[in-house]
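Peer 1: Structure of the sequence below:
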Amino acid sequence: MSLFHHLKLTVTLFGLCLASVAIADLQRFEHPTKADGSLSVMVIGDWGRRGTHNQSEVALQMGKTAEKLDTDFIISTGDNFYEDGLTDVHDAAFDESFTNIYTAPSLQKQWYAVLGNHDYRSNALAQLSPVLTKRDSRWLCMRSFILNAEIVEFFFVDTTPFRDKYFQEDHTYDWRGVLPRKDYLSNLLKDVDSALRESTATWKIVVGHHTMRSAGIHGDTIELVAKLLPILQANNVDLYINGHDHCLEHISSPDSPLQFLTSGGGSKAWRGKVKGWNPKEMKFYYDGQGFMTLQITQNEVGVQFYDIVGNVLHKWSVTKSVYASI
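Peer 2: This is a model prediction of the structure:
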C-alpha cells in the first residue's frame with residue numbers, strides 16, 4: 001500500500017476524515033481502494049436487536065465472510081436500533097446492539113450508516129452525533145452524504161422523510177432538521193441530482209433505507225418511485241441498495257440498467273408475505289436473514305447474498321468499459 005493510501009485509510013478508520021466543500025452541498029467523505037484498485041464492501045440492514053432474532057448469528061457469519069473477502073468497509077441500510085432508535089448518545093443499546101455484537105476482527109472497519117424509519121422514532125440526532133464515534137470509532141451515520149471510493153461513488157439518501165404515512169401515524173418521530181418537510185425534500189432531491197450529474201465515477205450506487213422496488217411486505221415505496229427513481233435513471237445509476245423489507249432481494253429494472261438490491265436481513269425476518277413479480281425482473285428473493293457483499297473493480301461489480309450459515313444464495317455481476325464512464 002502506498003503512503004498516500006495508508007494515510008487516507010488511517011484517517012478513515014479513526015473517523016477523522018474531514019468533509020471538504022462537497023458537490024451539491026452533500027457532505028463528502030473519502031475511502032481508498034486496495035492497492036490493486038479493487039474494493040470489497042459488506043451491506044447489512046435492519047439489525048439492532050441486542051443480539052436477538054439471530055442478529056448475533058448473522059454477525060458471526062459476517063465476520064467469517066469479511067475475513068475471506070478482506071472487506072474494506074460496511075454499509076448499514078438503516079433501522080439500526082429497534083424498536084425506537086436511541087434515546088440519547090449515552091443509550092446502552094448502542095453497545096448492546098452494535099459494539100458488543102460485531103466483534104470479529106474483520107468487522108473492525110468503518111461503518112457508513114443511514115437512518116431508517118425506526119431510527120427516527122426516538123432521538124434521531126443521537127445517531128448522527130460525533131459522541132457515538134468517540135464511543136466506537138467505526139460508527140459514521142448521517143442523513144445524506146457522498147462516499148467517494150475512487151472507482152465508485154456511493155450516494156446515501158435520507159428516505160424516511162419521503163413517506164407520507166409517517167407524518168400521519170400515532171408514533172412520535174424526531175423531525176428536527178427535516179421541517180419544513182417540503183423544503184427539505186426539494187433541496188435534497190436537487191442536491192442528489194446535482195451530485196449524480198457531476199460525478200465522474202465509473203460506478204454510481206445509491207443507498208437508502210426504504211425499498212424502491214420490492215416483492216416483500218412493504219412493497220414499492222411510491223413516493224420514492226415518483227420522486228427519486230427518475231433522478232437515478234436520468235443519471236445512469238447502477239445500483240439502488242436498501243433495507244426496510246426484512247429479506248434479501250434482487251430485482252432488475254425493465255427499462256434501464258438500474259438494479260434494485262435489498263439487504264434487510266440483519267435480524268428479525270421470515271415474514272412470510274411475498275408479492276408476485278415478473279420473473280424476468282425478479283432475479284432473487286429470500287424471505288430470511290443474511291447480508292450482501294459487493295466486489296468492485298474498475299470494470300466489474302459482483303454481488304453476492306449470504307444466509308445465516310454463510311451459504312451463497314445468489315450471485316450476479318455486471319461489467320462496464322472504463323471508457324463508457326468518461
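
Peer 1: what residues are up against the nearest residue to S144 once chain neighbours are set aside?
Peer 2: Once flanking residues are discounted, S144 sits nearest to D158: 4.7 Å by CB to CB, 6 or more residues apart in numbering. The way it works is simple: take the backbone N, C-alpha and C, and place the C-beta from them, glycine included. By CB atoms under 8 Å, 6 or more residues apart in numbering, the contact list for D158 reads 114-115, 143-144, 188, 208.

Peer 1: From K109, how far out is D158?
Peer 2: Separation of D158 from K109 (CB to CB, to the nearest Å): 23 Å.

Peer 1: Distance from the helix or strand hosting V303 to the middle of the chain?
Peer 2: Taking DSSP states H and E as the criterion, V303 maps to strand 300-307. Distance of strand 300-307 from its chain centroid, counting by CA atoms, centre = their mean, to the nearest Å, is 14 Å.

Peer 1: neighbouring strands for that strand, and are they parallel or not?
Peer 2: Strand 300-307 pairs in its sheet with strand 290-296 (antiparallel), strand 312-319 (antiparallel), by DSSP bridges.

Peer 1: So which residues of the stretch 51-200 of the chain form helices?
Peer 2: 55-69, 93-94, 124-128, 130-135, 181-198 (DSSP state H, counting those that start in this stretch).

Peer 1: Among these, which comes closest to G243?
Peer 2: For the helices of the stretch 51-200 of the chain, proximity to G243 was assessed by CB to CB; helix 55-69 is nearest, at 13.0 Å.

Peer 1: angle of the closest one against strand 290-296?
Peer 2: Angle, helix 55-69 to strand 290-296, by axes from the mean of the first three to the mean of the last three CA atoms, to 10 degrees: 20 degrees.

Peer 1: got a list of contacts for helix 55-69?
Peer 2: For helix 55-69, the external contacting residues (CB under 8 Å, 6+ apart) are 40, 42, 44, 47-49, 51, 71, 74, 97, 101-107, 109, 265-267, 289-291, 293, 295, 306-310.

Peer 1: would you turn the helices of the stretch 51-200 of the chain into TSV with mean pLDDT, distance to I241 and mean neighbour count?
Peer 2: Listed next are the helices of the stretch 51-200 of the chain as TSV, based on pLDDT from 0 to 100; distance: least, CB to CB, whole Å; neighbours: other CB atoms under 10 Å:
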stretch	mean pLDDT	distance to I241	mean neighbour count
helix 55-69	98	16	19
helix 93-94	98	24	21
helix 124-128	98	19	21
helix 130-135	98	23	15
helix 181-198	98	15	16
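
Peer 1: so which of these comes closest to E223?
Peer 2: helix 181-198 (8.9 Å).

Peer 1: How about the contacts made by K109?
Peer 2: Contacts of K109 (CB under 8 Å, 6+ apart): 13, 66, 71-74, 138.

Peer 1: Need the per-residue pLDDT for it.
Peer 2: K109 is assigned a pLDDT of 98 by the prediction.

Peer 1: Could you measure from it over to S317?
Peer 2: From K109 to S317 the distance is 23 Å (CB to CB).

Peer 1: Run through the residues that contact the spatially most central residue of the chain.
Peer 2: Central residue of the chain (CA atoms, centre = their mean): T77, 3.5 Å from the mean position. Taking CB under 8 Å, 6+ apart as the contact definition, T77 lies against 43-46, 114, 116, 207-209, 241-244, 263-264.

Peer 1: One more pass at 10 Å, please.
Peer 2: Residues in contact with T77 (CB atoms under 10 Å, 6 or more residues apart in numbering) are 43-47, 113-114, 116, 156, 159, 207-210, 241-244, 261-264, 266, 292.

Peer 1: S321 now?
Peer 2: Going by CB under 10 Å, 6+ apart, S321 touches 202, 298-299.

Peer 1: State the distance from it to F94.
Peer 2: Distance from S321 to F94, by CB to CB: 44 Å.

Peer 1: Wait, S40 touches F73, no?
Peer 2: Yes - between S40 and F73 there is a contact at 8.6 Å, judged by CB atoms under 10 Å.

Peer 1: ok, residues contacting stretch 164-179?
Peer 2: Residues from elsewhere that reach stretch 164-179 (CB under 10 Å, 6+ apart): 83-85, 115, 117-126, 128, 143, 158, 160-161, 163, 181, 184-185, 188, 222-223.
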